[in-house]
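> what's the 3D shape of this:
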Amino acid sequence: QVQLVESGGGLVQAGDSLRLSCAASGLTFSSYALGWFRQAPGKEREIVAGIDRSGGYTYVAAPGKGRFTISRDNAKNTVYLGMISLKPEDTAVYYCAADRRPYDGISDVSTEYDYWGQGTQVTVSS
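The predicted model follows:
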């Protein structure tokens, strides 16, 4: 079965950096666009960043622009989210998701993603 397993979350201080990883199995990884989403308590799940099947095109939502970088290694079936200059408002559970798109591109709509990981907590203290 398809599994997405996130890792790399934790408790950090404002200004610190983290790199999240998401290892996928049970799917043809290179056929999927990938996204990172996050959900803070009492808030809706929101897109953080996305990457197309080849890794040639990426999208970073406004809150993370200039601070977050998404990348993928199709040989390792892994997608990464690099985060620098973390802020307390970045505190959330971060999820990776896979989108089996019939055409290339990236979606920022969570309901268009087919598979989800269990999430990893990122807590940024001030």
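> check the residue nearest the centre of the chain and give its pLDDT.
Residue closest to the average C-alpha location in the chain (Cα atoms, centre = their mean): Trp36, at 2.0 Å. On pLDDT, Trp36 comes in at 98.
> correct me if wrong: it contacts Tyr80.
No. With contact defined as Cβ atoms under 8 Å, Trp36 and Tyr80 do not form a contacting pair (9.0 Å). For glycine as for every other residue, the C-beta is placed from the backbone atoms N, C-alpha and C.
> mutual contacts of these two, please.
20, 22, 70 (Cβ atoms under 8 Å, 6 or more residues apart in numbering).
> could you identify the buried members of the residues you listed?
Buried members of those, scored by 16 or more other Cβ atoms under 10 Å, are 20, 22, 70.
> not counting its neighbours along the chain, what's nearest the second one?
Same thing as Cys22. Cys96 (3.4 Å; Cβ to Cβ, 6 or more residues apart in numbering).
> what residues are bridge-paired with that neighbour?
Counting by DSSP bridges, Cys96 forms beta bridges with Trp36.
> next up, the contacts around it.
4, 6, 20, 22, 34-37, 79, 81, 116-117.
> all helices of this protein, in order?
In the chain, no helices are found when defined by DSSP state H.
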